[in-house]
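Enquirer: here is my input, please return the structure:
(one chain, ligands or ions: 1)
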Amino acid sequence: MVRPPIRPEQTAPPAPSRLIVVSNREPYEHRWVEEQLVCQRTDGGLTSALDPVLCRLGGTWVAWGSGDGDREAVNPGDVTHVPPDAPAYRLRRVWLSRDEVKGGYLGYANQVLWPLCHTTLDRVMYSKSSWEGYVAMNRRFAEALLDELHDRPGLVWVHDFHLALVPGLIKAVRPTTTVAVFWHIPWPGPDVFRILPERREILEGLLAADSLVFQTAGSADLFIDCARQFLQAESEITGKAVDYKGHRTWIAAHAISVDYQTFAEQAGTVSVEQAIRQARERLGVAPGTRLGIGVDRLDYTKGLLKRFWALDAFFARHPHYRGSFTFVQIAVPTRSEVETYRRYREVIRQTVSVINDRYGQADWRPIVYLEGRIRFETLVAYYRMADLALVSSVNDGMNLVAKEYVASQVDERGVLLVSQMAGAAEELTEALIINPYDAEGTADAVAQALEMPPDERQRRMRTMRTYLQTHDIHAWVANCLREVGLLLPTRHEVETG
Ligand code: G6P
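Expert: Numbering: from 1, shown residues only. From the prediction side, this is the model:
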C-alpha cells in the first residue's frame with residue numbers, strides 16, 4: 001500500500017521580517033511627472049492581492065524596478081519603504097538590463113509562457129534568444145535574493161510565471177532555504193506544455209521549491225500530469241507530492257482572494273455615495289439608467305472583444321434595453337511594448353465605436369469606454385453602483401475583479417456574471433456562469449441579470465459575500481504558507497500585538 005506522504009512539522013510563526021516575497025512586477029513604481037517624483041501603485045491582480053499581505057505581515061518584497069524614477073527613490077541597498085503614505089515593508093528593487101526586459105519579460109514571459117499557459121496558442125511567439133533573456137532575468141532576481149538572504153535568512157516566496165527558474169537557482173546555493181511558489185495563472189495540460197522546448201528546465205526549476213501552489217485543483221493536477229509525462233524516469237509522485245532528484249515538492253491549490261474588509265469598508269463610506277453621484281454625472285447617464293461594469297487590463301485573455309460582441313447581441317436581442325442600460329468598461333493599458341497588445345487595444349476601440357454608432361442615441365451610449373488607471377475610491381464607487389459586473393475571460397487563473405465586485409456590493413443589489421473559464425467561477429457559484437465563446441448565451445445572461453427579482457439577487461450576493469468574508473486574502477496567505485510548515489499569526493493576533 002502506498003502511504004500518503006507526511007507533511008513537514010509546523011514550526012513557530014516566522015518573524016515577519018523574514019518573509020521575502022519576489023515577483024517581477026513591483027507593487028509601487030516611482031515615476032517622473034512634471035519634474036516631480038511620484039509613487040504609484042501598479043496594476044494587476046498579483047500586486048493588488050499581495051500588497052495588503054505585506055502591509056499586514058511586514059517583510060521584504062523583491063521586484064523589478066520598472067519605473068523611470070525608481071533609482072532616485074532607493075537607498076544604497078536598492079531599498080525603499082512602501083506604501084509611501086504609511087511605510088510597512090521593504091521594497092528591494094532589481095535592475096534589469098534592456099536585453100533582460102526585452103527577452104525575459106516582454107519575450108519569453110509575456111509572449112511564450114503567458115499565452116501558452118492560457119492556451120491562446122496562436123499568440124505564442126517563441127525564439128531561442130528570448131529564452132536566454134529569461135534565464136538571465138531569473139539569474140538577476142536570484143542574485144538579489146541571495147544577497148538578501150546573506151544578511152537575513154528567511155522564507156522566499158516566489159510569485160508567477162516570470163520566475164520559474166528562481167527556486168532552482170536559490171536552492172543550488174542555499175539548499176536549506178525554504179522556497180515556496182505561487183503560480184497565479186492557469187497551468188496547461190501536457191498536450192499544450194509539450195510545445196515548450198524548455199519544458200524540462202521550467203519543470204525542474206519549479207520542482208526545486210518546497211511547495212508549489214496553484215489557483216485551482218485542476219491546474220495542480222495538470223502540473224502533476226506534466227511532471228509525470230516529461231520527467232517520468234526521475235520522478236516519483238505520491239498523492240500531492242513530487243519527489244524529484246531526492247527533493248520533495250508539495251503540490252497544492254489555494255485560490256487567491258481579495259482584502260474583503262478593505263473593499264467592504266470603503267464601499268460603505270459616505271464618500272463613496274458622493275463618488276457614485278459624481279460618477280453618474282461624469283458618465284452622463286440619465287437617472288434610472290441601469291449600469292453594467294467591466295474592469296480589466298487590456299489583455300486578450302480577458303475576452304474583451306467577445307464581451308463587446310455579447311453586448312452587441314444583447315442590444316439586438318433585447319431592444320427594449322436600448323436607452324436604459326449602459327455598460328461601463330474600464331480598460332487599463334498593459335504591456336504596450338508588445339505589438340499584440342497594441343493591436344488588441346485598437347480592435348477594442350474600433351469595436352466599441354462600431355457598437356456605439358449602431359445603437360447609440362443623442363443622449364445615450366450603450367458602452368462607455370474609459371481607458372486608463374483608476375483610483376481605488378472611484379473603482380469601489382463603480383463596483384457598488386453597478387447592477388451587474390461582467391467577467392468574460394477566455395482563460396484566467398482566478399480573476400480578482402469578480403471578487404472585488406462582490407466585496408464592494410454592500411447593498412446586495414448587483415449580479416455577477418463570470419466566465420466558466422475563470423478560476424473564480426469555481427468558488428463564486430451563485431454568479432451567473434457564462435461561456436464567453438457564446439455571445440448570444442452571454443447576451444441572454446445579461447438580460448437575466450437585469451430581470452432577476454431583488455430577493456434572488458440579494459440571496460445570491462449574500463451567499464458569495466459570506467463566503468469571501470472567510471476566504472479572503474489573509475486566509476489565502478495562511479493556507480499557502482502552511483504548505484511549507486509555517487503557521488502565521490491570525491489577523492486578531494496581529495491587530496492586538
Ligand atoms: C497578471 C500576472 C501578474 C502580472 C499582471 C500585470 O495578473 O499574473 O504576474 O504582474 O498580470 O501584468 P504586467 O506584465 O504589467 O506585470
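Enquirer: show the backbone phi and psi for Leu388.
Expert: phi -150, psi 150 (degrees, to the nearest 10).
Enquirer: tell me the pLDDT at it?
Expert: Per-residue pLDDT puts Leu388 at 99.
Enquirer: tell me which parts of the protein are close to the ligand?
Expert: Residues of the chain lying close to the ligand (CB under 6 Å from any ligand atom) are 25, 44-46, 160, 184-185, 334-335. All C-beta atoms are positioned from the backbone trio N, CA, C, and that covers glycine.
Enquirer: let's have the residues you listed in TSV, adding neighbour count and distance to Ala478.
Expert: Output for those, formatted as TSV (neighbours: other CB atoms under 10 Å; distance: CB to CB, whole Å):
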residue	neighbour count	distance to Ala478
Arg25	18	23
Gly44	17	23
Gly45	21	19
Leu46	24	18
Asp160	22	20
His184	23	18
Ile185	23	22
Thr334	17	30
Arg335	18	32
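Enquirer: just these now: which is nearest Leu432?
Expert: Of all those, Leu432 sits closest to Gly45, with 21.6 Å by CB to CB.
Enquirer: what's the distance between the closest one and Gln278?
Expert: Gly45 sits 27 Å away from Gln278, going by CB to CB, to the nearest Å.
Enquirer: circling back: from the residues of the chain next to the ligand, pick the one nearest Gly69.
Expert: Checking these against Gly69 by CB to CB gives Arg25 as the nearest, at 16.4 Å.
Enquirer: list the contacts for the closest one?
Expert: By CB atoms under 8 Å, 6 or more residues apart in numbering, the contact list for Arg25 reads 42, 44, 46-47, 63-64, 66.
Enquirer: among the residues you listed, which lie within strands?
Expert: Counting by DSSP state E, the part of the contacts of Arg25 found in strands is 63-64.
Enquirer: check which helix or strand Thr326 maps to.
Expert: strand 325-332 (DSSP states H and E).
Enquirer: and stretch 162-171, how far out from the chain's middle?
Expert: Remark: stretch 162-171 is offset 20 Å from the chain centroid, using CA atoms, centre = their mean, to the nearest Å.
Enquirer: and that stretch, end to end?
Expert: 18 Å (CA to CA, to the nearest Å).
Enquirer: do stretch 249-265 as well
Expert: Start-to-end, stretch 249-265 (CA to CA) is 39 Å.
Enquirer: ok, stretch 168-184 next?
Expert: Length of stretch 168-184, first residue to last, CA to CA: 19 Å.
Enquirer: mean confidence for it?
Expert: Averaged over stretch 168-184, pLDDT sits at 97.
Enquirer: for the strand holding Thr326, name the packing helices and strands.
Expert: With contacts taken as 3 or more CB pairs under 8 Å, 6 or more residues apart in numbering; DSSP states H and E, strand 325-332 sits against strand 290-297, helix 304-317, helix 339-359, strand 367-371, helix 376-385.
Enquirer: which stretches of the chain have low pLDDT?
Expert: By pLDDT under 70, the weakly predicted segments of the chain are 1-17, 233, 489-497.
Enquirer: quick one, longest helix in it?
Expert: For the chain, the longest helix by residue count, based on DSSP state H, is helix 128-151.
Enquirer: quick check: buried residues in that one?
Expert: Of all the residues in helix 128-151, those buried under the rule 16 or more other CB atoms under 10 Å are 130-135, 137-138, 140-142, 144-146, 148-149.
Enquirer: how close does Asp210 get to Tyr108?
Expert: For Asp210, the distance to Tyr108 - CB to CB - is 25 Å.
Enquirer: neighbour count for these two, which is higher?
Expert: More crowded of Asp210 and Tyr108, by other CB atoms under 10 Å: Tyr108, with 30 against 21.
Enquirer: who's in contact with the more buried one?
Expert: 130-131, 133-134.
Enquirer: and the gap between it and Val213?
Expert: Tyr108 is 22 Å from Val213, by CB to CB.
Enquirer: for the closest residue to the ligand within the chain, list the residues it contacts.
Expert: Residue of the chain nearest the ligand, by CB to the nearest ligand atom: Gly44 (2.8 Å). Counting by CB under 8 Å, 6+ apart, Gly44 touches 25, 297, 334.
Enquirer: for Gly65, same thing?
Expert: 26, 71, 74, 78, 93-95.
Enquirer: try it again with 10 Å
Expert: 26, 29-30, 71, 73-74, 78, 80, 91-96 (CB atoms under 10 Å, 6 or more residues apart in numbering).
Enquirer: and Met421, by the same measure?
Expert: 118-119, 186, 301, 303, 391-396, 399, 433-437.
Enquirer: try 7 Å this time
Expert: 393-396, 436 (CB atoms under 7 Å, 6 or more residues apart in numbering).
Enquirer: could you pick out the buried ones from those?
Expert: Among the contacts of Met421, the ones that count as buried by 16+ other CB under 10 Å are 393-396, 436.
Enquirer: can you lay out those residues as a markdown table showing secondary structure?
Expert: Shown next, in a markdown table, are these (DSSP: H, G, I helix; E, B strand; the rest coil):
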| residue | secondary structure |
| --- | --- |
| Ser393 | coil |
| Val394 | coil |
| Asn395 | coil |
| Asp396 | strand |
| Pro436 | coil |
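Enquirer: ok, back up a step: which of the contacts of Arg25 sits closest to Lys171?
Expert: Of all the contacts of Arg25, Ala63 has the smallest distance to Lys171: 20.6 Å, by CB to CB.
Enquirer: residue contacts, Ile202?
Expert: So Ile202 contacts 164, 196 (CB under 7 Å, 6+ apart).
Enquirer: for Leu163, give its distance to Ser48.
Expert: Separation of Leu163 from Ser48 (CB to CB) stands at 19 Å.
Enquirer: what's the answer for Tyr89, then?
Expert: Counting by CB to CB, the gap from Tyr89 to Ser48 is 15 Å.
Enquirer: equivalent analysis for Val22, please.
Expert: Distance from Val22 to Ser48, counting by CB to CB: 17 Å.
Enquirer: between these two, point out the one with more neighbours.
Expert: Val22 (27 against 20).
Enquirer: was I right to think that one contacts Leu155?
Expert: No. The criterion here is CB atoms under 7 Å, and Val22 misses it with Leu155 at 11.0 Å.
Enquirer: what's across from Leu212 in the sheet?
Expert: Under DSSP bridges, the beta-bridge partners of Leu212 are Val181, Ile251.
Enquirer: wait, doesn't it sit right on Ile251?
Expert: Yes. Here Leu212 reaches Ile251: they are 5.4 Å apart, a contact under CB under 7 Å.
Enquirer: those two: who's more crowded?
Expert: Set Leu212 next to Ile251 and count neighbours by other CB under 10 Å: Leu212 wins out with 27 against 24.
Enquirer: what's near enough to touch that one?
Expert: Each residue near Leu212 by CB under 7 Å, 6+ apart is listed here: 181, 183, 206, 249, 251.
Enquirer: what's the answer for Phe325, then?
Expert: 289-290, 292, 450.
Enquirer: try it again at 8 Å.
Expert: Counted by CB under 8 Å, 6+ apart, Phe325 has contacts 289-292, 366, 450.
Enquirer: could you do Leu291 as well?
Expert: Shown in contact with Leu291 (CB under 8 Å, 6+ apart): 285, 325-328, 385-388.
Enquirer: find the nearest non-adjacent residue to Met461, please.
Expert: Of all residues not flanking Met461 in the chain, Glu412 sits nearest, at 4.2 Å (CB to CB, 6 or more residues apart in numbering).
Enquirer: got the phi/psi numbers for that neighbour?
Expert: phi 50, psi 40.
Enquirer: ok, Leu163 next?
Expert: According to degrees, to the nearest 10, Leu163 has phi -120, psi 40.
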